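Asker: Sharing a model prediction with you, sequence too.
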Amino acid sequence: MQAPDDEIQAAVDDYLTVNRASWDERVPVHVASGFYGVERFVEGEEHLHAFEVDELGDLAGKRVAHLQCHLGTDTLSLARHGAQVTGLDFSAPAIAEARALADRCGLQARFVEANVYDAVEALGERYDLVYTGKGALCWIPDLAAWAGVVAALLNPGGALYLSELHPFVQMFSYETLEFEFGYFNDHAEVWADASDYADPDAQLVHERSVEWPHPVSELICSVIDAGLQVEYFHEWREASFARFACMEEVGPRLYRMPAGAPDLPLMYSLRAVKPT
């Protein structure tokens, strides 16, 4: 639920502290959850979607940065596909878990604790690919600045690959699919919810979080304005979790609307290249 009005501005002004406290507390919840399936990942479960694997292509030997990497399961999935990976996240507990997971899996990866806006200085390297998404962009207040960071991280000829939840579906209620939120929101959304998407029974102490909804047009224009050339923008009928109560699992970590229900765009993928 949304926070009371008198708490909204204070949370927005201190969004980084508020969100970091929330994500730090979520780390052990997520590690233990079936949603993230850490033990299944250690055993070899693929955490990239089939369309991501197809679109990413051959990663052997490529230098890849994963921004907002959280527990590192997607980061290490890229390593399993042959990439030389670096993951970045602002949560110290998440980075610690990612490093431990890499050790458990016997995978080589570098993990760095830093705010995404500080990625250029914190990583100190340039990359062939920047990978991000799956719920990452809603935590970014300034997409133009974010796109500038991505462009600065890339070698000439390098690419941004983004696989993200579609903002259109965020307009609908979980249970009824009725319109509940606007698409064009020009302000932060402050939430107060003690549960967690990976464990609805969780009771978080740091229940407040601050998010920014971004329409697709804002993303694409930010990427173009940063000097990157968009090669494609694809919309997908599947998502990595059951965004609505009626959704059905159609594959490992893949959900879709049931037959007879509205066929909605649940995710999208974007590739944009830095000119040589």
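Answerer: Nice, I can see it.
Asker: Specify the strand with the largest residue count in the protein.
Answerer: Secondary structure of the chain per DSSP state E: the longest strand is strand 154-165.
Asker: just how off-centre is that strand within its chain?
Answerer: Put simply, strand 154-165 sits 14 Å off its chain's centre (CA atoms, centre = their mean, to the nearest Å).
Asker: just checking, next helix/strand downstream of it?
Answerer: Per DSSP states H and E, strand 154-165 leads on to strand 189-192 as the next helix or strand towards the C-terminus.
Asker: now for the helix or strand just after that next one, which elements pack on it?
Answerer: Next along the chain after strand 189-192, taking DSSP H and E as the criterion, comes strand 208-211. Secondary-structure packing of strand 208-211 (3 or more CB pairs under 8 Å, 6 or more residues apart in numbering; DSSP states H and E): helix 5-13, helix 15-32, strand 189-192. All C-beta spots, glycine's among them, are computed from the backbone N, C-alpha and C.
Asker: Let me know which of those is the nearest to Lys62.
Answerer: helix 15-32 (27.4 Å; CB to CB).
Asker: For the following helix or strand past the closest one, the averaged confidence score.
Answerer: Counting by DSSP H and E, the element after helix 15-32 in chain order, helix or strand, is helix 38-42. The average pLDDT for helix 38-42 rounds to 97.
Asker: Quick one: residues in contact with the helix or strand that comes right after helix 38-42.
Answerer: Downstream of helix 38-42, the next assigned helix or strand under DSSP H and E is helix 50-56. Identification of contacts with helix 50-56 by CB atoms under 8 Å, 6 or more residues apart in numbering yields 46, 48, 78, 81, 129, 131, 161, 163, 234, 236, 238, 251, 254, 269, 271.
Asker: re earlier: rank the helices and strands packed on strand 208-211 by pLDDT, which is bottom?
Answerer: helix 5-13 (a mean of 74).
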